[in-house]
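Novice: could you look at this predicted model? Sequence included:
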Amino acid sequence: MLNPNLDAIQLEKDEYERYSRHLILPEVGLDGQKRLKAARVLCIGTGGLGSPLLLYLAAAGIGHLGIVDFDIVDSSNLQRQVIHGTSWVGKPKIESAKNRILEINPRCQVELYPTRLSAANALEIVAQYDIVVDGTDNFPTRYLVNDACVLLNKPNVYGSIFRFEGQATVFNYQDGPNYRDLYPEPPPPGLVPSCAEGGVLGILPGIIGVIQATETIKIILGQGTTLSGRLLLFNALDMKFRELRLRPNPVRPVIQELIDYEEFCGISQAKAEEAKQMAEMQEMTVTELKQLLDSDADDYLLIDVRNPNEYEIARIPGAVLIPLPEIENGGGVTKVKELLNGHRLIAHCKMGGRSAKALGILSQAGIPGINVKGGINAWSLEVDPAVPTY
């Protein structure tokens with residue numbers, strides 16, 4: 001309802017005081033605040049990006065917020081997902097988010113969708129809203145959100161973050177570009193690490209999420225110049241913003257229907273290949289590793305393929321640090337060969353994924369190995385609770 005019947009929308013007496021700083025802005029005023037109250041905004045995700053943007057959209061007076069999320073609050077979320085609190089650890093994120101939103105603005109209507117957004121439900125959900133704000137962190141869902149918005153002609157306010165860098169723009173607005181103009185094809189699976197693997201500065205999603213909230217409100221008000229056609233890039237370490245121009249690709253394929261996005265992004269094939277590799281790869285549990293370490297055996301080499309800063313956080317006794325990037329560029333393979341001396345090779349990482357990848361590379365070099373199932377996190381949970389998880 002980007003062009004609502006403003007005569008049918010009324011502010012209650014307490015709302016005049018609540019939104020007084022908006023009402024005295026000529027660019028907002030009474031009509032603008034009514035537009036915000038009439039607006040229906042859908043947020044995909046209540047994580048790092050969803051947290052600040054939901055807080056500010058609720059505070060600004062958005063009348064109806066929809067939230068899609070199926071995850072639960074984890075203690076590792078609290079460093080950046082500021083809508084959640086410690087008391088909500090282990091509980092659904094959308095319930096935590098709704099509770100906080102209503103604390104900020106009891107008049108905001110919040111609709112919850114405790115499900116994974118998919119090709120089967122996306123059109124039905126998105127169709128009920130005026131604007132979609134993408135707070136997701138994976139490529140299949142980003143393409144899904146984009147395509148649903150294109151098919152239903154909905155603006156898509158986009159943001160993404162990684163380590164110290166973020167980006168934001170507005171897709172599918174006033175004949176502007178969409179996500180497929182920025183990324184015609186998804187990157188190969190595993191090429192772009194997740195925040196769980198690569199890390200993220202906790203403040204960064206606050207900056208990008210607030211930019212998304214700002215763009216959403218500008219679209220509703222019809223004020224200012226949006227980021228449509230401009231990709232805003234932010235580097236927190238250098239405290240620099242820069243822009244890239246985006247234009248619609250005249251020869252891009254026409255989006256006619258929603259598809260299998262995991263298949264499109266190569267996730268299904270990657271999962272199948274990973275499952276095959278894991279089935280062929282020898283594994284040991286952390287309990288078995290502990291028994292080996294406690295024995296007098298000296299016929300093995302235990303390597304840790306995590307990054308050096310992770311090694312400083314926690315380590316398994318006797319593990320030799322050879323980071324995965326070194327193995328990928330060949331130097332680590334040479335180092336393993338030098339250290340192995342005919343012994344068995346055992347590898348671990350944080351949860352088992354990177355060590356499996358490292359062993360795959362080493363296997364191609366003629367060095368078979370054993371993967372520690374669950375990595376050092378499993379070691380902390382099952383063997384030595386004094387080792388911190390992260």
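Specialist: That came through fine. Numbering: from 1, shown residues only.
Novice: for the chain, which spans come out with low pLDDT?
Specialist: 1, 190, 268, 270-279 (pLDDT under 70).
Novice: which residues in it form strands?
Specialist: 40-44, 64-68, 109-113, 131-134, 156-162, 165-171, 230-235, 240-245, 282-284, 300-304, 320-321, 344-348, 370-372 (DSSP state E).
Novice: which helices and strands does the fourth one pack with?
Specialist: This means strand 131-134. strand 40-44, helix 50-60, helix 139-152, strand 156-162, helix 204-221 (3 or more CB pairs under 8 Å, 6 or more residues apart in numbering; DSSP states H and E). C-betas here are computed from N, CA, C, even on glycine.
Novice: between those, which one is nearest to Val320?
Specialist: Checking these against Val320 by CB to CB gives strand 156-162 as the closest, at 28.8 Å.
Novice: ok, Lys240 - contacts?
Specialist: For Lys240, the contacting residues are Phe234, by CB atoms under 8 Å, 6 or more residues apart in numbering.
Novice: which residues does it bridge with?
Specialist: Note on Lys240: beta-bridge partners by DSSP bridges are Asn235.
Novice: picking up where we left off before, and the strands of the chain as JSON lines, adding distance to Glu103?
Specialist: Output for the strands of the chain, formatted as JSON lines (distance: least, CB to CB, whole Å):
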{"stretch": "strand 40-44", "distance to Glu103": "17"}
{"stretch": "strand 64-68", "distance to Glu103": "14"}
{"stretch": "strand 109-113", "distance to Glu103": "11"}
{"stretch": "strand 131-134", "distance to Glu103": "20"}
{"stretch": "strand 156-162", "distance to Glu103": "24"}
{"stretch": "strand 165-171", "distance to Glu103": "27"}
{"stretch": "strand 230-235", "distance to Glu103": "29"}
{"stretch": "strand 240-245", "distance to Glu103": "32"}
{"stretch": "strand 282-284", "distance to Glu103": "46"}
{"stretch": "strand 300-304", "distance to Glu103": "44"}
{"stretch": "strand 320-321", "distance to Glu103": "46"}
{"stretch": "strand 344-348", "distance to Glu103": "43"}
{"stretch": "strand 370-372", "distance to Glu103": "44"}
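Novice: out of those, which is closest to Pro186?
Specialist: With CB to CB, the closest approach to Pro186 among these belongs to strand 156-162: 13.2 Å.
Novice: okay, now the nearest residue to Cys108 once chain neighbours are set aside: neighbour count?
Specialist: Of all residues not flanking Cys108 in the chain, Ala58 sits nearest, at 4.9 Å (CB to CB, 6 or more residues apart in numbering). Ala58 sits with 25 neighbouring residues when counted by other CB atoms under 10 Å.
Novice: I figured Ala58 hits Ile67, correct?
Specialist: No: assessed by CB atoms under 8 Å, Ala58 is found out of contact with Ile67, at 10.7 Å.
Novice: residue contacts, Ser194?
Specialist: Asp137, Asn138.
Novice: from Pro140, how far out is it?
Specialist: As judged by CB to CB, to the nearest Å, Ser194 and Pro140 stand 13 Å apart.
Novice: same question for Glu95.
Specialist: For Glu95, the distance to Pro140 equals 25 Å [CB to CB].
Novice: ok, those two, which is more surrounded?
Specialist: Between Glu95 and Pro140, counted using other CB under 10 Å, the more crowded position is Pro140 (22 against 17).
Novice: look up the closest residue to that one, ignoring the ones flanking it.
Specialist: The shortest distance from Pro140 to any non-neighbouring residue, by CB to CB, 6+ apart, is to Tyr261 (3.8 Å).
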